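S.K.: Next input, structure requested:
(chains A and B)
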Amino acid sequence: MPINRRQFLGAAGAAVATTASGCGNQGDASPTLSDVASVRESFPRAVQQVYLDCAAHTPLSMHTRQGMDKYMDFHMYGAGEGRGEYAGEAMRSVKGQFARLIGAKPSEIAFVQNTKAGEDVVVNGLDIQASGANVVTNDQHYAGSIHSYVGRKKAGMDVRIIRAKDWVVDLDDMEAAIDDKTKLVAITLVSNVNGHVQEAKALADMAHAKGAHIYADIIQAAGAVPVDVKALGLDFAACSNYKWLQGCRGSGFLYVREELQGTAVRDLLFPGYVRFNYPPWVDPADESNEAMPYSPPTNAGRYEAGNTAREGYCGQYESFKMMEAIGMDNLFAHNKALVDRIRKEMPESKYKCITPEGVRSPIIVFIPADYEGTQAKLKQANIQATMTGNRLRVSPNVYNNQEDIDKLLNALA
Amino acid sequence: MNLDRRSFLAGGVAASVASQLGCGQGSEAAPTLGDLGSARQDFPRNTNGVYMNHASQHPVRMQTARVMQQYADYLANECTRAGWYEASGEAKGFAGAYKNEVKELFAKLINAKPSEIAFCLSTTVGENIVVNGMGIQESGGNVVTNDLHYSSCLYNYKMRQERGLDVRIVKHKDWQLDPADFEGVINGDTKLVALTLVSNVNGLLAPVKEIADIAHRNGAYVYADIIQGCGAVPIDVQAMGIDFASCSTYKWLMGLRGFAYLYIKDDLQGTVVKPTEFGAGVGFNYQPWVENPDPTKGEILYNPKQKASQYEVGNVSSIGAVCQREALSFIHRAGVDAIQTHATPLTDFLQEEMPKIGYESITPKGNRSPIATFRVPDPKEAERRLNEAKIEVTLRFGNQMRVSVSVMNNQEDVEALVAALA
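M.R.: This is a model prediction of the structure:
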């Protein structure tokens, strides 16, 4: 029964993604990779070594860097010669670009410092503990988030952490844990541990059926796999920019579904300002107005507070422009081809794949029989991937090519 | 008369800067201006008109911009992790973005310990960590603030007031704060007194020690927004009785937006201010995460961060950090006393001259901050003249002109302002 549902949902998920991206024959047609290939030169690091570690950190591209430089010029020289206009345009555009990427409205996007900060805006704003409600999550959620929930559990919150079975979360286990008192289901859409894409739509349906909301950490998803928050039924999502969005640390995005802004998610940061309507601030005062008038923001900006890292968002503006120019479908297809080949050709006897079959993420993870030996081989071949715990995580992106994969396979053969 | 005073002031600046920099030969010696003397050339902003709007945003030095470029080079070319690859040269430090060093530099600047400093996104985020972490409303406590606290913070408290928090806003008198006005308003139920150390409105250096004494006598704590003070006026959180403080780096700390500091006094961490977010990660101690779980440990290994780091969540702006290292090093080399001593004669000059041309000051005389604010008789005309003379200051609140001077300004700049408006 779980298998059937999973298969069904998997197919549905694929269909949704295809429709959302507006490309009806994605599955069959071979992707046009010419644009993708030319982009490689813009990533100096990817040319210098075999960089297969985007799930850890993107190498900075020259176009993204240019956006940051332009902002620094503005900060150093002031406005003039288009500098102020550039910074303004970038800051105004970047929420819309992110919104397009995940199928949201710009008014549903807030700037946040990082993924965790976004999740905390949601968790604190939902007022879960005070209302005696619970949170359901699983151990494939990001370890930093689990840390946060363990901390909250120690502080008295009802937190339910479902364990994956053989690296896959069983939907029935999640369903059994979600009850009428569940206020939030918190997941990571694409696992940083094994690249598995969680069945967000099914989980969202379960959550909504019980009156709960669903949050997804999309840091390994946004820019890596098709994400359509509406089709997936996500209520909240957050990510930093420094992985698949090809940006920097210290800048990120939070999505809060429109109807939940200011209602389900209460404000805790209060960005805004007051005016002063009494002497000596103004003389005479405007009798028809209050002494200290103010008007709260009415979009997701209400969850931001203070100034953000503008050089980061100016760089991000350029990253998005490049991704849109390539076309997200081309990018996804390019990465999928690389990961599929790795899965097919890695020697099974020495590398046990713990990424379930059929996933659509560009992250693939193995348990090497010889951990130290693998590490040494990679180092010798100047290949960077992640090795933590007992695992090898390979995560190619748009700047990688088949030659990189040749090198990886040769080094580990 | 002007000339005389000017030469006198110039001499005074040279002497005090020289003594700060350890060149104690007195006023007869040829002025050795060291970092501050050449500071003007560090700021390319000076090639683009007269900039006296540092209270809004301090331009970065070109050395700081260069560091950002080096760091971007590192991100594009060399970014390494987990110590797997040997980083070379500068990249070694860049791997950790010099975050520990930056905390030390900032702590030293306000006379705190590095373990009392957390990184956060912005000044207001810092204040919110304190206010949310104190659980003021739940405990039936109140907050006392004043109308020279930063307008965004007042908005924050007004919104909380709407939601039931007891908020008391003391009004300034003639643009000054009288500690006596806080007596009685601060009472036994007051949990927090929130103020801005140097007002962004008129540069007033708040009588923080006197107000802190009243707060502490009533068992309350003191939060200070120090964004307009830090780097511009000497701050000693211990001597001033400040329990919590926060500031971003894009003003007098000569850094970037999106990178800020929060100071939380040692003995109030985790007790008076509970973390409302929980940074760090867990380890998993069960199969298949680990082949052989360690039976002496729990299944989920939870190691919360200690000290002020417990208020940090997730990645901060590494670019902000590396730029701060450069900028804070410069500020320490120059010395905040010397920076203040450089700015004070410039604002004193404006305080003297601006009223003569009809611009009444709303900044108290003798106030030693680099911000001075004046009432503008004809705002439209003033704006036209400022544009024509390529002078940037802040014009707002209908008829206020805020002038804020820094190490990159000199006597010529303030004279240019008076000449343009006269």
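S.K.: contacts and neighbour counts: CA atoms only from here.
M.R.: Noted.
S.K.: is it true that residue A:159 lies in a helix?
M.R.: No. Residue assignment for residue A:159, taken from DSSP: H, G, I helix; E, B strand; the rest coil, gives strand, which places it outside any helix.
S.K.: That one and residue A:151 touch, don't they?
M.R.: No. Here residue A:159 does not reach residue A:151: they are 9.9 Å apart, not a contact under CA atoms under 8 Å.
S.K.: What strand or helix carries residue 67?
M.R.: Here I'm looking at chain A. According to DSSP states H and E, residue A:67 maps onto helix A:62-77.
S.K.: Actually, chain B is the one I wanted.
M.R.: Following DSSP H and E, one finds residue B:67 within helix B:62-77.
S.K.: tell me the contacts of the residue of chain A most remote from its centre?
M.R.: Distance to the chain centre peaks in chain A at residue A:284, reaching 51.2 Å (criterion: CA atoms, centre = their mean). Residue A:284 makes contacts with residue A:278, as judged by CA atoms under 8 Å, 6 or more residues apart in numbering or on different chains.
S.K.: if I look at it, how far off is residue B:389?
M.R.: Distance of residue A:284 to residue B:389, given as CA to CA, to the nearest Å: 32 Å.
S.K.: Show the pLDDT at residue B:329.
M.R.: Residue-level confidence at residue B:329 comes out at 95, pLDDT.
S.K.: Looks like it contacts residue B:103 (just checking).
M.R.: No. Counting by CA under 8 Å, residue B:329 stays clear of residue B:103, with 11.7 Å between them.
S.K.: Neighbour count: the two, which is higher?
M.R.: Neighbour tally, residue B:329 and residue B:103, criterion other CA atoms under 10 Å in any protein chain shown: the higher count belongs to residue B:103, 23 against 14.
S.K.: Now do the same for the more buried one: helix, strand or coil?
M.R.: helix.
S.K.: Check whether it really touches residue B:114, as I assumed.
M.R.: Yes. In terms of CA under 8 Å, residue B:103 counts as a neighbour of residue B:114; the distance is 5.3 Å.
S.K.: could you list every residue that touches residue A:58?
M.R.: Taking CA under 8 Å, 6+ apart as the contact definition, residue A:58 lies against A:242-244, A:246-247.
S.K.: same question, residue B:112
M.R.: Counting by CA under 8 Å, 6+ apart, residue B:112 touches B:236-238, B:263.
S.K.: which one of the residues you listed has the most neighbours?
M.R.: Per-residue neighbour counts (other CA under 10 Å) across those peak at residue B:263, which has 30 neighbours.
S.K.: Tell me the bridge partners for that one.
M.R.: Assessed by DSSP bridges, residue B:263 has beta-bridge partners residue B:117, residue B:245.
S.K.: Hmm, it is touching residue B:116, no?
M.R.: Yes. Checked against CA under 8 Å, the pair residue B:263 and residue B:116 is within contact range at 5.5 Å.
S.K.: for the spatially closest residue to residue A:341 that is not a sequence neighbour, phi and psi?
M.R.: Nearest residue to residue A:341, sequence neighbours excluded (CA to CA, 6 or more residues apart in numbering or on different chains): residue A:405, at 8.0 Å. Backbone geometry at residue A:405, expressed as degrees, to the nearest 10, gives phi -70, psi -40.
S.K.: What is the neighbour count of residue A:405?
M.R.: In terms of burial, residue A:405 registers 19 neighbours under the definition other CA under 10 Å.
S.K.: and it, how far is that from chain B?
M.R.: With the distance defined as CA to the nearest CA, to the nearest Å, residue A:405 ends up 20 Å from chain B.
S.K.: what does residue A:226 give?
M.R.: Spatial separation of residue A:226 from chain B under the definition CA to the nearest CA is 25 Å.
S.K.: swap in residue A:231?
M.R.: With distances defined as CA to the nearest CA, the gap from residue A:231 to chain B amounts to 28 Å.
S.K.: same deal with residue A:244?
M.R.: According to CA to the nearest CA, residue A:244 stands 14 Å off from chain B.
S.K.: which SSE is residue B:261 in?
M.R.: Residue B:261 is located in strand B:260-264, with elements delineated by DSSP H and E.
S.K.: returning to that earlier point: top of the contacts of residue A:58 by number of neighbours, please.
M.R.: Comparing the contacts of residue A:58 by number of neighbours (other CA under 10 Å), residue A:247 comes first, having 29 neighbours.
S.K.: Outline the domain layout of chain A.
M.R.: Described in terms of automatic domain parsing, the domain architecture of chain A consists of the residue ranges A:31-60+A:327-412, A:64-323.
S.K.: Quick one: end-to-end distance for the last one.
M.R.: To tie it back to what came earlier, the one meant is domain A:64-323. Using CA to CA, one end of domain A:64-323 lies 11 Å from the other.
S.K.: Strands of the stretch 201-350 of chain A, start to end?
M.R.: If DSSP state E, counting those that start in this stretch is used as the criterion, the strands of the stretch 201-350 of chain A fall at A:213-217, A:236-240, A:252-256.
S.K.: So what touches stretch A:382-394?
M.R.: A:49-53, A:56, A:193-194, A:363-368, A:371, A:375, A:378, A:395, A:408, B:289-290.
S.K.: How about the stretch 251-400 of chain B, which of its residues are in the neighbourhood of chain A?
M.R.: Residues of the stretch 251-400 of chain B lying close to chain A (CA under 8 Å from any CA of the partner chain) are B:256-259, B:276-283, B:288-290, B:302, B:304, B:313-320, B:397.
S.K.: In the chain, spot the strand with the most residues.
M.R.: No chain was given, so I picked chain A. The strand that spans the most residues within chain A, counting by DSSP state E, is strand A:182-188.
S.K.: that's the wrong chain, I wanted chain B
M.R.: Assignment by DSSP E; longest strand in chain B turns out to be strand B:190-196.
S.K.: Now do the buried residues in whichever helix or strand comes after it.
M.R.: Tracing the chain past strand B:190-196, the next element assigned as helix or strand by DSSP H and E is helix B:208-217. Neighbour-count burial for helix B:208-217, counted by 16 or more other CA atoms under 10 Å in any protein chain shown, picks out B:208-209, B:211-216.
S.K.: List the contacts of stretch A:402-413.
M.R.: Counting contacts by CA under 8 Å, 6+ apart, the residues touching stretch A:402-413 from outside are A:50, A:338, A:341-342, A:345-347, A:374, A:377-378, A:381, A:383.
S.K.: neighbour-wise, which of these leads?
M.R.: Note: the member of the contacts of stretch A:402-413 with the most neighbours is residue A:50, at 23 neighbours, neighbours being other CA under 10 Å.
S.K.: which ones are touching that one?
M.R.: Taking CA under 8 Å, 6+ apart as the test, what residue A:50 contacts is A:382-384, A:400, A:404, A:407.
S.K.: With residue A:77 instead?
M.R.: Applying CA under 8 Å, 6+ apart, one finds that residue A:77 lies in contact with B:43-48, B:59.
S.K.: Let's see that with 7 Å instead.
M.R.: Listed by CA atoms under 7 Å, 6 or more residues apart in numbering or on different chains, the contact set of residue A:77 reads B:44-45, B:48.
S.K.: Which of these sits closest to chain A?
M.R.: Nearest to chain A, judged by CA to the nearest CA, of the contacts of residue A:77 is residue B:45 at 4.2 Å.
S.K.: Near chain B, which residues of the stretch 1-150 of chain A? Just list them.
M.R.: A:43-45, A:59-61, A:65, A:72, A:75-78, A:113-114, A:116-117, A:120, A:143-144, A:146-148 (CA under 7 Å from any CA of the partner chain).
S.K.: what about the chain, any weak spots by pLDDT?
M.R.: As the question left the chain open, I've gone with chain A. Screening chain A residue by residue with the criterion pLDDT under 70, one finds the ranges A:1-35.
S.K.: Sorry, I should have been clearer: chain B.
M.R.: Counting by pLDDT under 70, chain B has low-confidence residues at B:1-37, B:79-92.
S.K.: Residue B:155 looks like it's in a helix, true?
M.R.: Yes. Looking at residue B:155 with three-state DSSP, it is inside a helix.
S.K.: so how far is chain A from it?
M.R.: The value you get for residue B:155 to chain A, if CA to the nearest CA is used, is 5 Å.
S.K.: Please consider this matter closed, and thank you.
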